[in-house]
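Asks: Below are the sequence and a predicted model for it; my questions follow.
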Amino acid sequence: MPQSRAKEKTIFFCTSCGNESGKWFGKCPVCGEFNTCSEEKVRESVKGVKRAAVLNEESTPLPLSKINSEQDERIKSGIDEFDRVLGGGIVKGSLVLLGGDPGIGKSTILLEVARNLSNDGRKLLYVSGEESLSQIKMRAKRVGNFSDSLLLMTETDLSVIEEAIEKAAPQLVIIDSIQTMYSPEAEAAPGSVSQVRASTATLMRLSKTKGITIFVIGHVTKEGNVAGPRVLEHMVDTVLYLEGDRYASYRILRGVKNRFGSTNEIGVFEMTGSGLSEVPDPSGYMLSGRPEGASGSVVAVSMEGTRPILIEIQALVTRSNFGMPRRTAVGIDINRVNLLMAVLEKRIGLKLSEYDAYVNITGGMRMNEPAVDLGIVMAIVSSYKDKPIDDHLFCFGEVGLSGEVRSVSQADQRIAEAHKLGFDKCILPKASLAKLSKESSSGVKPYGVSFVSDVVKLF
Ligand code: TYD
Ligand code: MG
């Protein structure tokens, strides 16, 4: 085989989104992040060197009818919330990326999965490039008992890891973390965009050719020269993110991409002294400690995937001391809050421009579904008028710019979840009320509204 000549070239990568550029940039022209430019040397094979093409059995084009499809084989991890986000279990031979801020609990959750699977007698390999074996043992002691079918090693060279996989023949491999790994095929430093990509490509090949499931941990990095997990989202089968406030105990596992299932499912966990434990009833958990009879507090229902979750929305509206009112939002997009306040000001004449407003979703959850709009509106009006909302009332509905309350999907499921937790009055869009099934209306009294002005009249 003729040795292909290669020449070295400098490329500037964005460590946030992976954008490549021939020149240096201060702000990434694709994702808009600042200070994410990283200069890397890559080898480029010289054009014009032709390889002889060989058409083997796998690359022969086939009609659909000739392709054998096997049902995706799924392994249950023993953690229901984890399996739910994966779409019903771990798919054999898939490559899964688990991203999240440092210290959020990524190593812990995968060690728990490893504990359950090893106790089922499955062979696993945990490769750490970050911690020593004794550090991992210390964490494992907190997490529980492990069987000997879980093997551990500390290594960062992927060619060595490949050999270890060859020898140990595990069913599942955990790589902690991709930013510490390097593949000798790429010459850039570990953590650089080109190295992280080359390492992921090596792992992808391994998982597909050997049918091994590989979990890859990726740290979210704000800036600097280390590539973030977004750079490799497009290369893997499934992308999960573990989110939450480091200082609060709950954690949310969110699917962002899934070739084998839906992506909007979430799993809720709580960090305890002995690892992450599942929260099977997130609504009850989110509402615990709710004040009774306080103004500015209301319960709204948001759909997260197939599961409705009840959350408490709080607003504090106070007269502003400065010309420019302050607006703060936690757990929700501030622009959404500004928009809804403008709607209230224009459509029903509340003098909100003279007031500061603070809106908060308690429990530290982040909500993006438009169905929580009505909850934000009600919390703001309740605080503005200083009139508390009935403790047994909940609401959902999207609010448009004309002040109209628009219908949202799955009203029946939302009502059923709230009813389960003892709520019996519901404010919902009139259009959704018309489509409600009979069972939903028993036990819960619905009030249909079509404009925000109808909501204000209820106070
Ligand atoms: P870790 O899984 O190491 O985070 P990551 O791999 O995402 O960087 O989790 C680290 C944090 O979790 C650390 O602050 C300690 C805490 N923790 C607990 O509170 N309880 C436990 O049982 C464990 C194992 C960790
Ligand atoms: Mg870790």
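Replies: That came through, no problem. Ligands and ions are numbered 1, 2, ... in the order given.
Asks: In contact with the nearest residue to residue 159 once chain neighbours are set aside, which residues are there?
Replies: Excluding its sequence neighbours, the residue lying closest to residue 159 (CB to CB, 6 or more residues apart in numbering) is residue 184, at 5.5 Å. (C-beta placed from N, C-alpha, C; glycine too.) By CB atoms under 8 Å, 6 or more residues apart in numbering, the contact list for residue 184 reads 157-159.
Asks: between the residues you listed, which has the most around it?
Replies: residue 158 (25 neighbours; other CB atoms under 10 Å).
Asks: That one against residue 182, yeah?
Replies: Yes. Contact criterion CB atoms under 8 Å: residue 158 and residue 182 qualify, at 6.6 Å.
Asks: related to what we said a few turns ago, switch the contacts of residue 184 over to TSV; also include pLDDT and distance to ligand 1.
Replies: Output for these, formatted as TSV (pLDDT from 0 to 100; distance: CB to the nearest ligand atom, whole Å):
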residue	pLDDT	distance to ligand 1
157	93	21
158	92	20
159	93	25
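Asks: Just put the residues you listed in a markdown table and tack on secondary structure and distance to residue 131.
Replies: Shown next, in a markdown table, are these (DSSP: H, G, I helix; E, B strand; the rest coil; distance: CB to CB, whole Å):
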| residue | secondary structure | distance to residue 131 |
| --- | --- | --- |
| 157 | strand | 17 |
| 158 | helix | 18 |
| 159 | helix | 21 |
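Asks: who in the stretch 1-150 of the chain is up against ligand 1?
Replies: Taking CB under 6 Å from any ligand atom, the part of the stretch 1-150 of the chain that reaches ligand 1 is made up of 100, 102-108, 139, 142-143.
Asks: quick one: which of the residues you listed sit in helices?
Replies: Taking DSSP state H as the definition of helices, these contribute 106-108, 139, 142-143.
Asks: and those, which are buried?
Replies: Buried members of those, counted by 16 or more other CB atoms under 10 Å: 106-108, 143.
Asks: Export those residues as a markdown table, with columns for pLDDT and distance to residue 408.
Replies: Compiled in a markdown table, those are given as follows (pLDDT from 0 to 100; distance: CB to CB, whole Å):
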| residue | pLDDT | distance to residue 408 |
| --- | --- | --- |
| 106 | 94 | 33 |
| 107 | 95 | 38 |
| 108 | 95 | 36 |
| 143 | 91 | 40 |
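Asks: What residues of stretch 273-293 count as buried?
Replies: With burial defined by 16+ other CB under 10 Å, the residues of stretch 273-293 counted as buried are 275-276, 278-279, 282-283, 285-287.
Asks: Now do whatever residue of the stretch 301-450 of the chain ends up closest to ligand 1 against residue 285, distance only.
Replies: In the stretch 301-450 of the chain, the residue that lies nearest ligand 1 is residue 364 (15.9 Å; CB to the nearest ligand atom). Distance from residue 364 to residue 285, counting by CB to CB, to the nearest Å: 11 Å.
Asks: Now the common contact residues for these two.
Replies: residue 250.
Asks: in the stretch 1-150 of the chain, which spans are strands?
Replies: 6-14, 20-21, 37-45, 74-75, 90-91, 95-100, 124-128, 150-154 (DSSP state E, counting those that start in this stretch).
Asks: for the chain, what spans make up the helices?
Replies: 80-86, 106-119, 133-143, 158-168, 193-210, 282-287, 334-348, 373-385, 411-420, 430-434, 438-441, 452-457.
Asks: ok, of the ones you listed, where does mean pLDDT dip lowest?
Replies: Looking at the helices of the chain, the lowest mean pLDDT belongs to helix 438-441 (a mean of 72).
Asks: Make CSV from the residues of the stretch 1-150 of the chain next to ligand 1 and add distance to residue 402 to it.
Replies: Output for those, formatted as CSV (distance: CB to CB, whole Å):
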residue, distance to residue 402
100, 40
102, 45
103, 45
104, 41
105, 44
106, 45
107, 50
108, 48
139, 54
142, 55
143, 53
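Asks: thought residue 382 was touching residue 455?
Replies: No. Assessed by CB under 8 Å, residue 382 is found out of contact with residue 455, at 10.1 Å.
Asks: mind showing which ranges of this structure have poor pLDDT?
Replies: Scanning the chain for pLDDT under 70 picks out 1-6, 44-58, 69-72, 223-225, 246, 440-441.
Asks: Relative to residue 107, how far out is the residue lying closest to residue 142 once chain neighbours are set aside?
Replies: The shortest distance from residue 142 to any residue other than its chain neighbours is 5.4 Å, reached at residue 274 (CB to CB, 6+ apart). Using CB to CB, residue 274 is found at 15 Å from residue 107.
Asks: just checking: which of the buried residues of stretch 273-293 also lie near ligand 1?
Replies: residue 275.
Asks: coming back round to it: show me what contacts the residue nearest to residue 142?
Replies: When contacts are counted by CB under 8 Å, 6+ apart, residue 274 touches 142-144.
Asks: What is the nearest of these to residue 318?
Replies: residue 142 (44.3 Å; CB to CB).
Asks: hang on, that closest one packs against residue 273?
Replies: Yes. Residue 142 is within contact range of residue 273, at 6.9 Å (criterion: CB under 8 Å).
Asks: For the closest residue to residue 252 other than its chain neighbours, grab the count of nearby residues.
Replies: In space, and not counting its chain neighbours, residue 252 is closest to residue 243: 4.9 Å by CB to CB, 6+ apart. Residues near residue 243, counting by other CB under 10 Å, number 18.
Asks: The one 5 residues further on too?
Replies: By the other CB under 10 Å criterion, the neighbourhood of residue 248 contains 12 residues.
Asks: ok, it touching residue 331?
Replies: No. At 11.2 Å, residue 248 does not count as touching residue 331 under the criterion of CB under 8 Å.
Asks: can you pull the contacts of residue 425?
Replies: So residue 425 contacts 390, 392-394, 444-445, 447 (CB under 8 Å, 6+ apart).
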